[in-house]
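1. Here you go, sequence then predicted model.
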Amino acid sequence: MSNAFIPDDAVLWEAAGASIQRKVMAFNEQLMLVKVKFRKGDIGSLHHHIHTQISYVASGVFEVEINHEKSVLQAGDVFYVSPETIHGVVCLEEGILIDVFNPMRADFV
């Protein structure tokens, strides 16, 4: 199988916090796509990093905080985080975020 096609079941979930799990689905030096699974009440603590991040809410409901501004997002919504911007999430209803990073997150592999 080539690395151009990545079946979901070919990648294992890994711990990314107390009960948060992630799958690093694909990446090169410039780009990375990660699935992150949250249970209701899970918190993606406020943090910042050098990467540009775009996140797609695949399922669930999340309170997203970016640069001290909060919004509740649900399936189909997207949020954008500039480099070095403080951000975090609180999961209001169990769900999955699809995170895209530029450049890739070396700390995830």
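-> Sure, I can see it. Computed from a predicted model, the values in this text were never measured in an experiment. Numbers count the residues shown, from 1 in each chain.
2. make it CA atoms for all contacts and neighbour counts henceforth
-> Will do.
3. can you give me the strands for this structure?
-> 14-15, 21-27, 32-38, 43-47, 52-66, 69-74, 78-81, 87-102 (DSSP state E).
4. Packed most tightly, which of these would that be?
-> Greatest average neighbour count among the strands of the chain goes to strand 32-38 (a mean of 22), per mean count of other C-alpha atoms under 10 Å.
5. on that earlier part again, out of the strands of the chain, flag the one nearest residue 7.
-> strand 21-27 (8.8 Å; C-alpha to C-alpha).
6. mind listing what that closest one pairs with, with the direction of each?
-> Take DSSP bridges as the rule and strand 21-27 pairs in its sheet with strand 14-15 (antiparallel), strand 32-38 (antiparallel).
7. Dump the ones you listed into JSON lines; add distance to residue 21 and mean pLDDT as well.
-> Output for those, formatted as JSON lines (distance: least, C-alpha to C-alpha, whole Å; pLDDT from 0 to 100):
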{"stretch": "strand 14-15", "distance to residue 21": "5", "mean pLDDT": "95"}
{"stretch": "strand 32-38", "distance to residue 21": "5", "mean pLDDT": "98"}
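8. With residue 97 as the reference, name the closest of these.
-> Per C-alpha to C-alpha, nearest to residue 97 of the strands paired with strand 21-27: strand 32-38, 5.1 Å.
9. which regions of the chain sit below the pLDDT cut-off?
-> For the chain, applying pLDDT under 70 flags the ranges 1-2.
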